[in-house]
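A.B. asks: Take this sequence and fold it.
(one chain, ligands or ions: 1)
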Amino acid sequence: MRHSQATVEATGVTVEFARGRSKQAPFRALDNVDLEARPGEVTCLLGPNGSGKTTLMNVLTGLLAPSSGHLRVLGLDPATQRRELLRRIALVPQETSLYPELTARENLVFHARYYGMPVRDQRARIEETLDLVQLGSRASDRAGTFSGGMQRRLALGKALMMKPDLLLLDEPTLGVDVQSREAIWQRIEEVAEEGRAVLLTTNYMEEAQRLGDHITIIDRGANVVRGSLTELTSQLPETKRAEVPPVSLQDVFLHFTGSGLRN
Ligand SMILES: Nc1ncnc2c1ncn2[C@@H]1O[C@H](COP(=O)(O)OP(=O)(O)OP(=O)(O)O)[C@@H](O)[C@H]1O
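C.D. replies: Here you go, the predicted model:
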């Protein structure tokens, strides 16, 4: 049972996009979706391509307003209290948002200033962050010269530096090597250990299995199943549970979403 007050509380969230031709019914990218993320936990949002994961992240940060549903993030309504919300959350999007001409350190300085970090904290926090994401020795190199893994670590550093109450990550280890992935996973685990909430999307079952205290699977814009890995496994039919113990999250995922390819 999960007792603490939820950081993300979404109930019945629906998002519709108008289609090109006006007479067509709108496309429902999210249909009555429920989601929760709690302090001290990593919540993983899984779903096949196009299932609505990024759309849901955009709703949580107030970038998109839902057509209907109840939504609170840190007790705030993202649609109307976005400015206040953005001071307390950090989002690492799929495409890294770095300035390639600036050095790693300059990227962090720019971010700290933009988000109004107190000047007296900036220097120490920036150096601490560079060490945390293992870029101390490359701090004076331009971000544009970094490998994919280094760029992801720097993007994560930008978010961690602000010490958000909610860290949102859209596919945090997409295309990075094993070493960077391990470093990123450890930082994510530390954020949760510090009592803050993490919500991440991923297509990597191994990642969700390692990090996810709680897992929500969506498919075609709707909830499929939610719970801890143990709870999800217990919802598999007896025959599947018995196959090859222990059951992997991939078995659970394919059982609930099927193996058909998505477009
Ligand atoms: N602005 C938009 N206008 C119209 N349709 C959209 C828009 N944004 C997303 N969609 C559609 O909504 C659905 C969900 O897309 P979304 O990007 O949220 O999926 P996803 O689960 O993040 O996919 P992936 O794993 O491929 O990143 C898709 O069918 C997509 O084409």
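A.B. asks: For Ile188, give me its contacts.
C.D. replies: Shown in contact with Ile188 (Cβ atoms under 8 Å, 6 or more residues apart in numbering): Val42, Leu167, Leu169, Pro172, Val198, Leu200, Leu211. To be clear about C-beta, it is placed using only N, CA and C from the backbone, and glycine gets the same treatment.
A.B. asks: rerun that using 10 Å as the cut-off
C.D. replies: Val42, Leu156, Leu160, Leu167, Leu169, Pro172, Thr173, Val198, Leu200, Glu207, Arg210, Leu211 (Cβ atoms under 10 Å, 6 or more residues apart in numbering).
A.B. asks: restrict those to contacts with the ligand.
C.D. replies: Residues of the contacts of Ile188 in contact with the ligand (Cβ under 6 Å from any ligand atom): none.
A.B. asks: Show only the entries of those found in helices.
C.D. replies: Within the contacts of Ile188, residues falling in helices by DSSP state H are Leu156, Leu160, Glu207, Arg210, Leu211.
A.B. asks: wait, doesn't the second one sit right on Ala112?
C.D. replies: No. Taking contacts as Cβ atoms under 10 Å, Leu160 lies outside contact range of Ala112: 11.9 Å.
A.B. asks: Next, give me the two most distant ones among the contacts of Ile188.
C.D. replies: Leu160 and Arg210 (18.6 Å; Cβ to Cβ).
A.B. asks: More neighbours: those two, which one.
C.D. replies: For the pair Leu160 and Arg210, the greater number of neighbours falls to Leu160 (22 against 16), based on other Cβ atoms under 10 Å.
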